[in-house]
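>>> here is my input; please provide its structure:
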Amino acid sequence: MEKKIDPDSSMWDWLTYDLRFLCKKSDMSYAAFARLLKRSDSNVSNIMAGRRRIADRDATILDEHFDTGGHFRRLLRYARLGHDPNWFKQYISIEAEALVIKAYEALTVPGLLQVPEYARALFTAGGSTNVDALVEERIARQKIHDKDIPPLLWVLVTESVIDWPIGGPEVMRKQLAHLLDMSVNPHIGLRVIPRSAGAHAGVDGSFSLMSGEFGDVAYTESPGGGRLVQSINEIRSYAVRYDRIGQVALPERASRELIQEAMEAL
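Next up, the predicted model:
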């Protein structure tokens with residue numbers, strides 16, 4: 001079912017509203033719309049339902065086909081610059097369908113690898129009032145590991161992530177043991193940036209890259225929220241940054257040994 005779209009509530013809803021309006025005015029079915037964009041029917045259905053975003057390529061095709069004078073390219077540009085109140089729902093949806101996830105975390109264990117006690121400590125410290133619900137939601141996201149073909153998950157974390165005792169020594173030991181257990185799975189790669197690496201390309205903050213049928217999307221964190229990045233140029237810059245961070249990370253075996261040492265030190 002399509003959700004109610006309010007073009008006055010956000011730039012993204014405005015863009016989705018105009019897409020629906022254009023289809024209706026031109027008497028174009030969603031299937032025909034999918035053929036125009038060279039996307040699957042399900043992908044276009046998600047776009048029209050407000051669960052997916054169009055990309056630069058889509059906006060260009062629409063503007064040229066319907067001779068809009070650049071209308072959708074401008075809408076897309078300003079939608080990306082503005083605040084999206086539904087950004088997290090969009091993020092969860094993309095994460096669930098991703099085929100490859102590359103995550104860099106500077107301060108905490110990535111949500112897809114957290115144990116409940118660790119997640120609870122983070123939410124409690126952050127002052128959340130609905131901690132139980134937030135922990136349950138975070139752990140539920142980890143069901144992607146149980147898929148017949150789980151997404152490839154490549155993770156880079158700083159040494160601060162593994163030696164900062166979130167939740168106390170007992171909780172942190174459990175969390176580190178979980179990281180070691182998960183890191184032996186063939187779909188997971190875990191590497192640590194040692195403190196001895198000094199300044200590196202990841203000091204600006206955490207981010208992730210997700211790839212799938214939807215294309216490529218980057219996500220960057222900020223206090224009180226986050227931002228989904230779908231601009232090709234920005235995504236490329238995050239991909240380059242991820243590779244540069246990886247250049248100073250330890251190999252997987254050495255990373256596991258460092259995690260083991262951190263666990264024994266607690």
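>>> how about the strands in the stretch 51-200 of the chain?
Along the stretch 51-200 of the chain, the stretches classed as strands by DSSP state E, counting those that start in this stretch are 100-105, 152-158, 188-193.
>>> helix or strand right after the strand or helix carrying residue 23?
Element membership for residue 23, per DSSP states H and E: helix 11-25. Note on helix 11-25: by DSSP H and E, the next helix or strand toward the C-terminus is helix 30-37.
>>> tell me the angle that following helix makes with helix 11-25.
110 degrees (axes from the mean of the first three to the mean of the last three CA atoms, to 10 degrees).
>>> thinking again about what came up before, which residues does the helix holding residue 23 contact?
5-8, 28-30, 33, 47-48, 50, 53-54, 62, 66, 71-72, 75-76, 78-79, 82, 84, 86 (CB atoms under 8 Å, 6 or more residues apart in numbering). Every C-beta, even on glycine, is put in place using the N, C-alpha and C of the backbone.
>>> in helices only, show me those residues.
30, 33, 47-48, 62, 66, 71-72, 75-76, 78-79 (DSSP state H).
>>> now those residues in JSON lines, with distance to residue 258?
Shown next, in JSON lines, are these (distance: CB to CB, whole Å):
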{"residue": "30", "distance to residue 258": "51"}
{"residue": "33", "distance to residue 258": "51"}
{"residue": "47", "distance to residue 258": "43"}
{"residue": "48", "distance to residue 258": "48"}
{"residue": "62", "distance to residue 258": "50"}
{"residue": "66", "distance to residue 258": "56"}
{"residue": "71", "distance to residue 258": "52"}
{"residue": "72", "distance to residue 258": "48"}
{"residue": "75", "distance to residue 258": "47"}
{"residue": "76", "distance to residue 258": "43"}
{"residue": "78", "distance to residue 258": "45"}
{"residue": "79", "distance to residue 258": "42"}
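>>> next up, the contacts around the spatially most central residue of the chain.
For the chain, residue 219 is the residue whose C-alpha lies nearest the centre (CA atoms, centre = their mean; 4.7 Å). The contact partners of residue 219, taken as CB under 8 Å, 6+ apart, are 91, 207-210, 226-229.
>>> on that earlier part again, reformat the strands of the stretch 51-200 of the chain as JSON lines; add mean pLDDT, distance to residue 169 and mean neighbour count.
As requested, those are arranged in JSON lines below (pLDDT from 0 to 100; distance: least, CB to CB, whole Å; neighbours: other CB atoms under 10 Å):
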{"stretch": "strand 100-105", "mean pLDDT": "98", "distance to residue 169": "21", "mean neighbour count": "21"}
{"stretch": "strand 152-158", "mean pLDDT": "98", "distance to residue 169": "19", "mean neighbour count": "22"}
{"stretch": "strand 188-193", "mean pLDDT": "98", "distance to residue 169": "19", "mean neighbour count": "22"}
